[in-house]
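[1] just coords:
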Ligand SMILES: NC(=O)c1ccc[n+]([C@@H]2O[C@H](COP(=O)([O-])OP(=O)(O)OC[C@H]3O[C@@H](n4cnc5c(N)ncnc54)[C@H](OP(=O)(O)O)[C@@H]3O)[C@@H](O)[C@H]2O)c1
């Protein structure tokens, strides 16, 4: 399906000298340009405090785009994309600091009919100031939209406060809170997989499913983000957003349509039924050596594993196990749906081990795909079952790698489509779910060896079951 390009608009990236802009946003915009999915007329304006000229910004942007494109860099696309790039150096705190931005946007107002997309790729501490500066300089006209990076708040109270601050200037229909996991094809595919295949939707409930586990494993440690990470930790950085969003797509009811609000209503309804995490059913840990990186004693977790349930008709009694960690054996995000066991009497009579349960394994990254394991008869005499696999590999089936999450999310924001962005009530409910793990009553931090699947305590959390990745 060929998608229509978004309407003409200016894209203003705050935090233009930062890691996210260079590693993800500029390469994503370039790819969209290459696919003809940027507006017929557009301007990309970078804004941050570092003094840089337009020429230097273009040169740095080119280096970032070339790096991200690997060997597949198209000179023609680049040169027309580069013409659209410009840069403004300025403060985020001084009153009327955005006047130069106002003047620049005014040059384009007529051809873009006043449309602007503001992308806040700055530290969260700058979000409220950006909104204030935009308001002061009269840059918030009715067609302007704002994209806010994660994390959105650091608990329920601060998320509510930030939403209220933004709503003073932009109504909710113009706010796009990013959770880049929702930009991933395999996460979106959860909806198609569930709601376009009659076979699976029929067994997607407590009658057929024993439990579901989701693992988001990172091989890297905290690297040069020690300060940020030590004040955040895995619960705020991953569990409250990415893991709960994946859980919502996996377990929500079919929406009444694919309209953005219909999908978001069902996600919120589901999140309201998720039982807040209990400290008794949660393991927090950090890898051995983390405190040395922080250079002081720390009780921040780089790993969390938690069990919860969903109090609704479909899922009552089914346990969900969610875990994420740094310095695990490899980078992998995997959902495993474990179906119930078959009756065992046939195998008991033959003195055979009962066949293992069916597994549906959904790989979100790095290799997107779905595998279903089931039992087949081992060749030869007798009826011994053997586990075999049916496999779908995204790249093999579609002949292309899935697009980067930020391409889809930037395109949708330019189109004004909210489906893959989190609404204020959704973010707030997610903070309520993790709230018991943020206060004084949360479990103590234990330690795990780098390169392992986390502390042994997390195996006890899931017993008598076991983690699929181990
Ligand atoms: N990097 C990622 O892969 C990633 C992934 C998911 C989410 N995010 C989110 O994206 C946002 C940006 O992350 P990042 O990794 O790009 O951060 P970064 O590398 O530190 O860049 C931050 C940018 O914001 C500007 N800035 C404005 N006000 C600032 C302030 N008060 N303190 C420091 N810098 C300020 C910085 O440039 P000047 O100093 O020139 O103003 C810089 O351009 C954060 O909210 C982060 O949580 C990032």
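    Here it is on my side, so go on. Everything quoted here is computed from the prediction, not taken from an experiment. Numbering: from 1, shown residues only.

[2] And what about residue 268, helix, strand or coil?
    helix (DSSP: H, G, I helix; E, B strand; the rest coil).

[3] what's in contact with the worst-scoring helix or strand of the chain on mean pLDDT?
    Between all helices and strands in the chain, the lowest mean by mean pLDDT, DSSP states H and E belongs to helix 345-349, at a mean of 85. Identification of contacts with helix 345-349 by Cβ atoms under 8 Å, 6 or more residues apart in numbering yields 353-355. In this view, the C-beta of every residue, glycine as well, is placed from N, C-alpha and C.

[4] Now the residue in the chain that the ligand sits nearest to: phi and psi?
    Per Cβ to the nearest ligand atom, the residue of the chain with the smallest distance to the ligand is residue 18, at 2.3 Å. Main-chain torsions, residue 18, degrees, to the nearest 10: phi -90, psi 180.

[5] That one contacts residue 122, doesn't it?
    Yes: shown here, residue 18 and residue 122 form a contact pair, counting by Cβ atoms under 8 Å, at 7.1 Å.

[6] Which residues are in contact with each of those two?
    residue 48.

[7] circling back to that earlier point, what residues sit buried inside the least confident helix or strand of the chain?
    residue 347 (16 or more other Cβ atoms under 10 Å).

[8] Which strand or helix spans the spatially closest residue to residue 387 that is not a sequence neighbour?
    Nearest non-adjacent residue to residue 387, counting by Cβ to Cβ, 6 or more residues apart in numbering: residue 373, 5.5 Å away. Using DSSP states H and E, residue 373 maps to strand 369-377.

[9] what comes into contact with that strand?
    Contacts of strand 369-377 (Cβ under 8 Å, 6+ apart): 186, 189, 193, 355-356, 358-363, 383-394.

[10] just how off-centre is that strand within its chain?
    27 Å (Cα atoms, centre = their mean, to the nearest Å).

[11] if we can go back for a sec, can I get the contacts of helix 345-349 in JSON lines with secondary structure, distance to the ligand and neighbour count?
    What follows is the contacts of helix 345-349, written out as JSON lines (DSSP: H, G, I helix; E, B strand; the rest coil; distance: Cβ to the nearest ligand atom, whole Å; neighbours: other Cβ atoms under 10 Å):
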{"residue": "353", "secondary structure": "coil", "distance to the ligand": "45", "neighbour count": "11"}
{"residue": "354", "secondary structure": "coil", "distance to the ligand": "44", "neighbour count": "14"}
{"residue": "355", "secondary structure": "coil", "distance to the ligand": "42", "neighbour count": "18"}
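
[12] For residue 440, state which of those residues is nearest.
    Nearest to residue 440 out of the contacts of helix 345-349 is residue 354 (Cβ to Cβ; 44.9 Å).

[13] for stretch 47-65, what is the average pLDDT?
    Stretch 47-65 carries an average pLDDT of 97.

[14] which of the residues in that stretch are buried?
    Neighbour-count burial for stretch 47-65 [16+ other Cβ under 10 Å]: 47-49, 52, 57-58, 60-62, 64-65.

[15] can I assume residue 142 sits in a helix?
    No: with three-state DSSP as the criterion, residue 142 is assigned coil and is not in a helix.

[16] Tell me which residues touch it, please.
    Counted by Cβ under 8 Å, 6+ apart, residue 142 has zero contacts.

[17] next one: the one 5 residues further on
    Residues in contact with residue 147, defined by Cβ under 8 Å, 6+ apart, are 117-120, 176-178, 413.

[18] returning to that earlier point: could you tell me which ones among the buried residues of stretch 47-65 also sit near the ligand?
    Contacts with the ligand within the buried residues of stretch 47-65, as defined by Cβ under 6 Å from any ligand atom: 48-49.

[19] Which members of the buried residues of stretch 47-65 are positioned in strands?
    47-48 (DSSP state E).

[20] wait, which of the buried residues of stretch 47-65 is closest to residue 297?
    residue 49 (33.2 Å).

[21] Contacts only, for that closest one.
    Neighbours of residue 49 in contact, by Cβ under 8 Å, 6+ apart: 17, 89-92.

[22] who wins for most neighbours among the residues you listed?
    Most neighbours among the contacts of residue 49, by other Cβ atoms under 10 Å: residue 92, with 22 neighbours.

[23] Please tell me the pLDDT value assigned to that one.
    At residue 92, pLDDT is 96.

[24] tell me the phi and psi of it?
    Dihedral angles (degrees, to the nearest 10) for residue 92: phi -110, psi 0.

[25] which stretches of the chain have low pLDDT?
    1-2 (pLDDT under 70).

[26] Quick check: residues of it near the ligand?
    15-20, 48-50, 92, 121-126, 149-151, 180.

[27] repeat that for 8 Å
    14-24, 48-50, 89, 92-93, 120-127, 149-151, 178, 180, 225, 228 (Cβ under 8 Å from any ligand atom).

[28] now, which of those lie within helices?
    Among the residues of the chain next to the ligand, DSSP state H puts 19-20, 127, 228 in helices.

[29] Most widely separated two among the residues you listed?
    Farthest pair in those, by Cβ to Cβ: 19 and 127, 16.9 Å.

[30] And the two? Which one has more around it.
    Legend: neighbour count by other Cβ under 10 Å for residue 19 and residue 127, higher for residue 127 (21 against 12).

[31] after the least confident helix or strand of the chain, next one along is what?
    strand 359-365.

[32] what does that following strand contact?
    Contacts of strand 359-365 (Cβ under 8 Å, 6+ apart): 181, 184, 186-187, 190, 193, 200, 246, 331-339, 369-373, 468.
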